[in-house]
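Peer 1: model the following, please.
(chains A and B)
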Amino acid sequence: MSTEPASKAIALRGSTDHVVEFFGYAVNSVLYQRGVYPPESFERKSKYGIGVMVTSEPKLREYLVNVLERVDQWLMESDLRKLVLVLADARTGATVERWAFDVQTDGSKTRRDGENAGDANGEETMKTEKTEKEIMQEIQAIIRQITASVSFLPLLDRECAFELLAYTDKESATPDECEESDPKYVRDGVEMRLRSFSTKIHKIEAGVSYKTDDA
Amino acid sequence: MLSPARRATECDPHVRGASTPSRAQVDRFIPSRSALDLDVAHYNMSQDGRGTEGEDDSKEIRSPAKEAYKKSLADNFHVERGSDSAKILAFKSKAPAPPSGMENSARGVYTNNSAGVRAKKTCRQIPSAPERILDAPELIDDYYLNLIDWGSSNQVAVALGCTVYMWNADTGAINQLCQTNPADEEDYITSVNWGADGKHIAVGTNSAEVQIWDASQCKKVRTLRGHAARVGAISWNGSQLATGGRDNTIMIHDVRIREHCTSTLRVHQQEVCGLKWSPSGNQLASGGNDNLLHIFDATSIGNRQALHRLDAHQAAVKALAWCPFQSNLLASGGGTADRCIKFWNTNTGAMLNSVDTHSQVCSLQWNTHERELLSSHGYSQNQLCLWKYPTMTKMAELTGHQARVLHMAQSPDGTTVVSAAADETLRFWKCFDNSVEKTKKVRDANDSSVLRRFNFR
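Peer 2: Numbering: from 1, shown residues only, chains lettered A, B, ... in the order given. Presented below is the predicted three-dimensional model:
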């Protein structure tokens, strides 16, 4: 935190790149693994030392690129608190699955709520220096977990639509392309925590809540 | 649950800043707040008592002390990422919808998983000798007849010459059900078929009659006339009765109404010898001496047109068997010139498989417990063959009959098959015995006894 502003900016840039890239692959993985889009519209890419499926659908690609650009900006401004991927029944609109990626941003810059400034929690994990390789391994573990999630998540046997929600700082301005939304929780859902990864600046915690079969 | 967390955050703020010595050494239970999604937890807790919550909220707002307490509590617990301090934004442009009618490809994974749970079956012991042999004198050696059937009341009806006998499989008792005119040599029984109720039995005769008998009282209920020649094939479907005769016609009767004949199907050019309703009653398969196999749809049977006309067999089609585990799968067997068992998708009319058995196929029975098919044959071995479906590898050959095995019927529990051969014997084969299920039951019983022992303590 006490590092000079220039290096801080570089670190933030690098960390943001990691996080945005991770979001992209994570969202793609969920869409592929949960069968939201037909598997033939995905192609295999080698990333994080494993094979990841990435959509080749031009429209979906464009949408994701736009969203991730926005996410990038938020991260650079340290406004993003959480990114949520909501899978909802296409017909009823009821949420059936909710993948949440909590973002904890290090630095005094994020804490704007008056007297609590400087009392940020969980800093000790972020302060530790991490090599690129370690970060990659942590990300790899999360992507693997998403892949493995098929073994415990129920089959989505109806048509599903997905949506991305971003939790941002209360004081930050709402961009033109966004609107305020309700959190779209899963009703009577079961929650499952996934692994987390952290860079110098950001700590990402993943989790999924889903409807059980009998619910 | 709150107090330890509070202590951890409030009392030891300086400890947190230091590099955590080791969390594992702590002997107290400290809930990991980071492992919980507090928003979701709060939502789950609050949604139950939604009705009263409104009142509580309005009360709380009036109490500034409580408000302040809540705020300090929230500050202490760092619930800063709660929905009240963050804005939830959704993107106005929505993701493109997946193509409609798309089936989740992961379905395969799930179905495979559920099937994979079953233990891999080891080779089943198939007894090679019949369990019991009964004499059946005067059993007519005629390929085109259907002289044996096993009803749901566990009675085997067998037509010997002009008499129908019932053999009770539970008690072994033999009853005579009915007899045609014994003076007339030519008036013999040509077919028997039990109704699903196990009470009524339809009997076809050489004099072109179809008689319906009440087996419990040995009383004739009704006589259906209409055929011009002997009735060699009968199949029940609820109160509907399909009969096929040497007059090349198939008649559909409704036995409840006075004008019983609801339609007459003239699709065969020669004697109809095979007739079977599918287990669901939606389709009727008919085979004739003209080497044709027809599939009728129950709903459009009034049009007198077959759904499919299948001409792949090279000889008479008598052996017909609907698959018990796949609704649109039919197995059919051809006569001496054909010797093939063929499998059909009766919805599309496509032939799925054809196997040369090297012998006349007289009768077919599916195993209801396993994916297996039993076929009975004529010259030269007069054997029964057990086939694995769909690979059609031969699992066993059951020999013993001295002449061709004309008819087969299956017990209601699906474990035993009775075969009637031209050597005037009935042989009972326990070839479909479901030993896997039995061992499982035994294991279950053991489990429960173990549990009982533990409960006793």
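Peer 1: check which helix or strand B:Leu373 maps to.
Peer 2: Assigning secondary structure by DSSP states H and E places B:Leu373 in strand B:372-377.
Peer 1: name the helices or strands packed onto that strand?
Peer 2: strand B:317-322, strand B:361-366, strand B:384-388, strand B:405-410 (3 or more Cβ pairs under 8 Å, 6 or more residues apart in numbering or on different chains; DSSP states H and E). (Glycine included, C-beta is placed from N, CA and C.)
Peer 1: could the ones you listed go into CSV alongside distance to chain A, mean pLDDT and mean neighbour count?
Peer 2: Shown next, in CSV, are the helices and strands packed on strand B:372-377 (distance: least, Cβ to the nearest Cβ, whole Å; pLDDT from 0 to 100; neighbours: other Cβ atoms under 10 Å in any protein chain shown):
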stretch, distance to chain A, mean pLDDT, mean neighbour count
strand B:317-322, 29, 95, 26
strand B:361-366, 30, 94, 25
strand B:384-388, 30, 92, 22
strand B:405-410, 36, 94, 25
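Peer 1: quick one: which of the ones you listed is nearest A:Lys130?
Peer 2: Judged by Cβ to Cβ, the one of the helices and strands packed on strand B:372-377 that comes nearest to A:Lys130 is strand B:384-388, at 57.6 Å.
Peer 1: neighbouring contacts of that closest one?
Peer 2: Defining contact as Cβ atoms under 8 Å, 6 or more residues apart in numbering or on different chains, one finds that strand B:384-388 is touched by B:126, B:341, B:355, B:357, B:367, B:371-377, B:393-399, B:405, B:408, B:417, B:419, B:429, B:431.
Peer 1: low-scoring pLDDT stretches of chain B, where are they?
Peer 2: Scanning chain B with the threshold set as pLDDT under 70 gives B:1-37, B:46-64, B:66-67, B:70-85, B:100-123, B:434-457.
Peer 1: tell me the bridge partners for the nearest residue to B:Ala173 once chain neighbours are set aside.
Peer 2: Among residues not flanking B:Ala173 along the chain, B:Trp167 sits closest, at 7.6 Å (Cβ to Cβ, 6 or more residues apart in numbering or on different chains). Beta-bridge partners for B:Trp167, by DSSP bridges, are B:Val156, B:Ile174.
Peer 1: so who does B:Trp167 touch?
Peer 2: B:Leu134, B:Gln155, B:Val156, B:Val158, B:Ala173, B:Ile174, B:Leu426.
Peer 1: now for those, which pair is the farthest apart?
Peer 2: B:Ala173 and B:Leu426 (15.0 Å).
Peer 1: of those two, who's got more company?
Peer 2: B:Leu426 (23 against 10; other Cβ atoms under 10 Å in any protein chain shown).
Peer 1: doesn't the more buried one fall inside a helix?
Peer 2: No: per DSSP: H, G, I helix; E, B strand; the rest coil, B:Leu426 lies outside any helix segment and is strand.
Peer 1: name whatever forms a beta bridge with it.
Peer 2: Beta-bridge partners, per DSSP bridges, of B:Leu426: B:Leu134, B:Ala420.
Peer 1: measure it to B:Phe325 for me?
Peer 2: 27 Å (Cβ to Cβ, to the nearest Å).
Peer 1: continuing past the strand or helix carrying B:Ile341, what's the next helix or strand?
Peer 2: Here B:Ile341, judged by DSSP H and E, is contained in strand B:340-345. From strand B:340-345 onward toward the C-terminus, using DSSP H and E, the following helix or strand is strand B:350-356.
Peer 1: list the buried ones in that following strand?
Peer 2: Neighbour counts over strand B:350-356 (16 or more other Cβ atoms under 10 Å in any protein chain shown) mark B:Ser354, B:Val355 as buried.
Peer 1: report the angle between that strand and strand B:361-366.
Peer 2: Using axes from the mean of the first three to the mean of the last three Cα atoms, to 10 degrees, the inter-axis angle of strand B:350-356 relative to strand B:361-366 is 120 degrees.
Peer 1: just checking: what are the partner strands of strand B:350-356?
Peer 2: With DSSP bridges as the test, strand B:350-356 pairs up with strand B:340-345 (antiparallel).
Peer 1: check which residues of the partner strand are buried.
Peer 2: Buried, per 16+ other Cβ under 10 Å, within strand B:340-345: B:Cys340, B:Ile341, B:Lys342, B:Phe343, B:Trp344.
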